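A.B. asks: Here is my input, please return the structure:
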Amino acid sequence: MTVEGVPCVAMMTLNNLVVFRIDKGKEGRTVATYPWTTDFGNNVAGPAVFEDSVLITSEYNHKSICRLQMTLKAPPRCGRRPMHPRPARR
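C.D. replies: Residues are numbered from 1 along each chain as shown. Here you go, the predicted structure:
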């Protein structure tokens, strides 16, 4: 993934999504962390990335999908949506 033109990697840890830099001279520096903890450490689905955004999901605890747009200066904000929207009333 790239964040403001900087090559980065996104990964899930036991409790967080972590995005870090991989550009020469700044390898391993943290760009952002976002808490995403589930019961029993079940972050089974890895993060999906596209350009400067990361998508994380979880049925456990969260029952939602979260799209995070990364920047080098500000913490990410989650555009969260439920995984199973309520059916329309008839």
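
A.B. asks: for the protein, which spans come out with low pLDDT?
C.D. replies: 43, 45, 62, 81-90 (pLDDT under 70).

A.B. asks: my guess is Asn15 contacts Tyr34, does it?
C.D. replies: No. In this structure, Asn15 is not within contact of Tyr34 by C-beta atoms under 8 Å, at 10.1 Å. Backbone N, C-alpha and C define where each C-beta goes, glycine included.

A.B. asks: ok, these two, which is more surrounded?
C.D. replies: For Asn15 versus Tyr34, neighbours defined as other C-beta atoms under 10 Å are more numerous around Tyr34 (20 against 13).

A.B. asks: and the gap between that one and Gly25?
C.D. replies: 25 Å (C-beta to C-beta, to the nearest Å).

A.B. asks: Run a quick neighbour tally on the nearest residue to Arg21 once chain neighbours are set aside.
C.D. replies: Excluding the flanking residues, the one nearest Arg21 by C-beta to C-beta, 6 or more residues apart in numbering is Arg29, at 4.7 Å. Residues lying near Arg29 (other C-beta under 10 Å) number 13.
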